[in-house]
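Student: Fold the following and give me the result.
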Amino acid sequence: MSLFVVDPQKCGREGMCVAVCPLGIIKLKGQNSVPVPSDKAEDLCVNCGHCVAVCPGGALTHKNMRPEQCFPIQKERVIKPEQIRHFLCARRSIRVYKEQPVKRELLAGLIDIARFAPSGHNRQPVKWLVIYNSDEVQRLAGLVADWMRFMLKEEPKMSKEMHMDHVIGKWEAGSDIICRNAPHLIIAHAPATERTAPAACTIAMTYLELAAVSFGLGTCWAGFFNAAATLWPPLQQSLGLPDGHVGFGAMMVGYPKFQYHRIPLRNEPQITWHI
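Tutor: Numbering: from 1, shown residues only. All right, here's what the predicted structure looks like:
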């Protein structure tokens with residue numbers, strides 16, 4: 001088949017698919033015609049599925065996705081503004097976890113949600129590595145500690161500004177503030193040469209972080225871990241990412257040991273309006 005076909009009996013000729021196509025590769029030949037691909041549409045299409053998703057009658061079938069393959073949007077489940085405000089403001093980074101593993105199916109479900117995060121040009125470059133065994137998480141945290149010791153010798157000023165001396169002191173006293181004794185660690189990685197990867201991985205990890213709350217899970221960005229994973233060869237070798245891949249985000253995941261009861265204060269937004 002061509003890039004897409006349109007059922008003329010279902011098509012309302014509204015031109016919605018023409019309007020929403022990111023690359024503008026759908027056109028109408030006449031006032032009452034059905035949409036057709038424009039020249040070079042096959043080469044330019046990014047398979048975003050907007051054309052399939054927007055058609056109210058399910059008239060448009062893309063060669064890579066049919067309307068019946070796509071879940072319908074349930075308007076009764078759309079979150080109200082006051083609900084989303086409370087949810088996002090109440091979210092907390094979790095740094096104290098129960099000694100209880102999360103089922104692998106649940107973590108896979110989180111990643112399944114995160115794959116719907118937007119990415120530049122719909123490249124979807126994000127790949128996932130799950131460090132599931134808690135002992136392995138601790139071993140890798142030890143490699144991060146080794147990197148910090150190295151940095152304190154090589155870059156003492158910068159390292160102390162990042163409080164690495166404090167982190168190492170805690171580590172050597174038996175307190176893990178690198179991975180917080182989290183039972184699991186999830187890493188988003190992609191080819192280092194993929195221009196869309198940094199933003200795509202960050203957005204996908206944010207999707208995962210927010211989705212985790214609804215499953216009763218807590219998360220925290222593992223900033224020290226991710227920094228070491230991009231700079232410290234022993235940690236890179238242990239992670240064993242595919243050749244040419246780098247980590248663009250690491251997230252601790254587990255069941256929170258404590259619950260929060262208030263939303264702490266934050267700075268007022270500083271807004272500049274160009275009118």
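
Student: any weak-confidence spans in this protein?
Tutor: In the predicted model of the chain, residues 1 satisfy pLDDT under 70.

Student: which strands and helices sit next to the longest helix seen in it?
Tutor: Longest helix in the chain by number of residues (criterion: DSSP state H): helix 134-154. Contact here means 3 or more C-beta pairs under 8 Å, 6 or more residues apart in numbering; DSSP states H and E; on that basis helix 134-154 packs against helix 156-161, helix 164-172, strand 184-191, helix 223-231, helix 233-239. C-beta here means a position set from N, CA and C on the backbone, and glycine is covered the same way.

Student: Redo the ones you listed as JSON lines? Include distance to residue 75.
Tutor: JSON lines is the format used below for those (distance: least, C-beta to C-beta, whole Å):
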{"stretch": "helix 156-161", "distance to residue 75": "50"}
{"stretch": "helix 164-172", "distance to residue 75": "48"}
{"stretch": "strand 184-191", "distance to residue 75": "31"}
{"stretch": "helix 223-231", "distance to residue 75": "38"}
{"stretch": "helix 233-239", "distance to residue 75": "42"}
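
Student: Tell me which of those lies nearest to residue 125.
Tutor: Residue 125 sits nearest to strand 184-191 of all these, at 4.2 Å, using C-beta to C-beta.

Student: Report the angle between that closest one and helix 134-154.
Tutor: Going by axes from the mean of the first three to the mean of the last three C-alpha atoms, to 10 degrees, strand 184-191 is angled at 60 degrees with respect to helix 134-154.

Student: List the strands paired with strand 184-191, with their directions.
Tutor: Strand pairing for strand 184-191, determined by DSSP bridges: strand 127-131 (antiparallel), strand 245-254 (antiparallel).

Student: and residue 43, which of these is closest to it?
Tutor: strand 127-131 (25.5 Å).

Student: what does that closest one contact?
Tutor: Identification of contacts with strand 127-131 by C-beta atoms under 8 Å, 6 or more residues apart in numbering yields 104, 107, 111, 137, 140, 184-190, 239, 241-242, 245, 247.

Student: rewinding a little: would you point to the one among the strands paired with strand 184-191 that's packed deepest?
Tutor: Sort those by mean neighbour count, taking mean count of other C-beta atoms under 10 Å, and strand 245-254 sits at the top with a mean of 24.

Student: what's the angle from that strand to helix 223-231?
Tutor: Using the same axes, to 10 degrees: strand 245-254 against helix 223-231 is 160 degrees.

Student: Kindly reformat the helices and strands packed on helix 134-154 as a markdown table and extend each row with mean neighbour count.
Tutor: Listed next are the helices and strands packed on helix 134-154 as a markdown table, based on neighbours: other C-beta atoms under 10 Å:
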| stretch | mean neighbour count |
| --- | --- |
| helix 156-161 | 12 |
| helix 164-172 | 16 |
| strand 184-191 | 23 |
| helix 223-231 | 19 |
| helix 233-239 | 15 |
